[in-house]
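Enquirer: Just the structure for this:
(2 chains)
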Amino acid sequence: MPVKQLLSRNCGKIDPRNIDDFIKAKGFQSLEHARSTMSPEGVIEEVKKSGLKGRGGAGFPCGAKWELARKSKGPNKYLICNADEGEVGTFKDRYLIQNDPFSLIEGMAIAAYAIGAAKAFIYLRAEYHYLKGLLAGAITQSEQKGFLKGLDIEIREGAGAYICGEESALMNSIEGKRGEARYKPPFPPTSGLFNEPTIINNVETLANLPLILGKGAAWYQKLGTGQSKGTKLFCVSGDVARPGVYELELGSSLWELVDGQAGARDIKLVQVGGSTGRVFPADRLDTPLAYESVLGSGAVMVLDQSRDVVEFVHRTMKFLNEESCGQCAPCREGTEVMVEILGRLDAGQGVPGDLRTLEYLSQAMMLTALCGLGQAAPLPVLDTLEHFRSEYENRIGQAVFIRSLKALGA
Amino acid sequence: MSATKAVINGTEIKVKAGTTILEAARQAGFEVPTLCHHPELTPSGNCRMCVVEVEGSPRLVASCHTPLAQGMVIQTHSDKVLAARKAVVELLLTAHTGPCVNDSRASACELHKLAAELEVGPPRFQVQAPRFYPVENDSPYVRRDMSRCILCRRCVRACREVAKKGILSMAYRGFQSKVVFEADDPLNSEQCKDCGVCIEFCPTSALSKPVEEVA
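Expert: Next up is the predicted model:
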């Protein structure tokens, strides 16, 4: 399937600092259309029909989530745009904010209208501080043109924690609390920010809304596969000739993206979905990029034959260990133990039982951890153990051999 | 309030709506082990000891904070659950310093009791460096040996919810997480005084009554 320019239709074509450019490109027409001809319930129905699912990684159906919040009773409802984009190798939200901030704001206004929120937050990651001025300018201009009647959008900045991209930790962060995931239920649409009904959507999810409302759910429905509608921005990095953001129809193959578009050569493995993403060896690149198979946040990292699998997994685990919030035991202690084992394996000090211990620990972490970080942290370990087991075994074999030589006094 | 019906370990049960899985299981006579949970405190869900298997859920569910839902089918002692609980106990034991088993103060340690109950021997895991903190014995009210802390946060919640002081909190993150007073300062006897409530809630010997230093 070819590259599409739907979400990125305005990127590079309009001046992101000038609302008039955006309006000339039919900007805010979907919002006006929704407000003047559709009820909030009607908007939710249309989004449900479109099949739009969350683009942040979890892939929850957007319309169904909104409906829950719409039906929840509460004097205040909140909309949060998750612009934390902390997942390793993800930079699509930055691309959208940098090039087309007004589409995001239009999407937020549509979402707020649908769920009945008068207050919205954009949670911007600390590293994107340089985008704050641009975004604030876009909000001010939209207000001045009267597009944000009855909606107050406030930008809140994160402080650099990976976990604060997780929706409940993000809400804690906005509330001024320690950035830690909350247990669920209750889910945010019934009790979220300040215990009020809250909808949290990713930047890219919100940026889809002007398209869906403008061209209709029936048109949007035709893009993608059975369970994955629309297009998606993919962030390709690593050993490729042309790293960057690519917009592809959902259901396109991993091969088409990394080889066809980004120009990867001698691929050893591709990690899809960031540091807790799935790992695909070179012979599995026919996998379609869709919710049915693999998608995550859209981060696609390519490692070529010169890379070492054990080192790669060790580095990934060090990151997750560093970013574990420390709340629940399986993640706090488990990632520390994993770093110990993977560190020894990487340094050539493995012992034969290590792989069994890794599998035992992975299983326990996936089953018991409180939030997505701890539950998904073992995935790169398990995937590489499945596809590259011989590399782990070779490391251990070499370590045993060298130790035995030393024991012989050689 | 309406009633919620569910099945726990093959037994049909009916409880008041809003009851947690843990409470429901205990009412039905099934003992689910807990560590960070305490009936007098709001649930925290950090230790994951009380996980149970809920049919249709890909992951185990912590019973102390999950309300029983209509029609749930629950196993509290399946092989999958027991294996996961054992692993969690092993993890919690791993980062400890010193042989607690031989310590008279450890006799009341809830983690060691759980380890015995679940047949957990020496943990099969290691860490690069266990958590170690010097013993703090300056306060006349609480002696803190944070090397023995398992970060269940019962003291933090007890200080806030029972003693109504709220002077303990969490600091640092990940493996370095620690229960602290102020900016990780020694307990000062102006804010922390005439109380000792947290000691009663500590499942290990991390918090205890002060002992006279023998000169």
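
Enquirer: what about chain B, any weak spots by pLDDT?
Expert: B:1, B:97-107, B:213-215 (pLDDT under 70).

Enquirer: the longest helix in it is where?
Expert: helix B:79-94 (DSSP state H).

Enquirer: What would the helix or strand following that helix look like as PDB? C-alpha coordinates only.
Expert: Next helix or strand after helix B:79-94 toward the C-terminus (DSSP states H and E): helix B:110-117. What follows is helix B:110-117, C-alpha atoms only, in PDB (Å, rounded to 0.1, in the frame of the first residue of the first chain):
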ATOM      1  CA  GLU B 110       5.300 -11.000  57.400                       C
ATOM      2  CA  LEU B 111       7.400 -11.500  54.300                       C
ATOM      3  CA  HIS B 112       9.200 -14.400  56.000                       C
ATOM      4  CA  LYS B 113       5.900 -16.000  57.100                       C
ATOM      5  CA  LEU B 114       4.700 -15.700  53.500                       C
ATOM      6  CA  ALA B 115       7.900 -17.200  52.200                       C
ATOM      7  CA  ALA B 116       7.500 -20.200  54.500                       C
ATOM      8  CA  GLU B 117       3.800 -20.600  53.500                       C
END
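
Enquirer: by contact count, what packs against helix B:110-117?
Expert: Based on contacts counted as 3 or more Cβ pairs under 8 Å, 6 or more residues apart in numbering or on different chains; DSSP states H and E, the elements that helix B:110-117 packs against are helix B:79-94. All C-beta spots, glycine's among them, are computed from the backbone N, C-alpha and C.

Enquirer: Show me which parts of the helix it packs on are buried, residue by residue.
Expert: Residues B:81, B:84-94 are the ones in helix B:79-94 that count as buried (16 or more other Cβ atoms under 10 Å in any protein chain shown).

Enquirer: can you tell me which of those residues are up against chain A?
Expert: B:84, B:87-88, B:91-92, B:94 (Cβ under 8 Å from any Cβ of the partner chain).

Enquirer: could the buried residues of helix B:79-94 go into a markdown table alongside distance to A:Leu124?
Expert: A markdown table is the format used below for the buried residues of helix B:79-94 (distance: Cβ to Cβ, whole Å):
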| residue | distance to A:Leu124 |
| --- | --- |
| B:Val81 | 41 |
| B:Ala84 | 37 |
| B:Arg85 | 40 |
| B:Lys86 | 43 |
| B:Ala87 | 38 |
| B:Val88 | 36 |
| B:Val89 | 41 |
| B:Glu90 | 40 |
| B:Leu91 | 35 |
| B:Leu92 | 37 |
| B:Leu93 | 41 |
| B:Thr94 | 38 |
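
Enquirer: The lengthiest strand in chain A pairs with which strands, and in what direction?
Expert: Using DSSP state E, we find that the single longest strand of chain A is strand A:231-238. Within its sheet, strand A:231-238 is paired with strand A:244-249 (antiparallel), strand A:299-304 (parallel), according to DSSP bridges.

Enquirer: Pull out the C-alpha coordinates of the last one and format them as CSV.
Expert: Extracted in CSV, the C-alpha atoms of strand A:299-304 (Å, rounded to 0.1, in the frame of the first residue of the first chain):
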residue,chain,number,x,y,z
ALA,A,299,8.1,3.5,16.7
VAL,A,300,10.1,1.2,14.3
MET,A,301,13.7,0.7,15.1
VAL,A,302,16.0,-1.2,12.7
LEU,A,303,19.1,-3.0,13.8
ASP,A,304,21.4,-4.4,11.1
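
Enquirer: Test for you: state the pLDDT assigned to A:Gly348.
Expert: Confidence at A:Gly348, expressed as pLDDT, is 95.

Enquirer: How about the stretch 151-300 of chain A: which residue is closest to chain B?
Expert: The minimum distance from the stretch 151-300 of chain A to chain B, using Cβ to the nearest Cβ, falls at A:Tyr183 (4.4 Å).

Enquirer: Let me see the contact set for the residue sitting nearest the centre point of chain B.
Expert: Of all residues in chain B, the one closest to the mean position by Cα atoms, centre = their mean is B:Cys36, 2.2 Å from it. B:Cys36 sits next to B:44-47, B:49, B:64, B:152-154 when contact means Cβ atoms under 8 Å, 6 or more residues apart in numbering or on different chains.

Enquirer: Right, I'll call it a day here.
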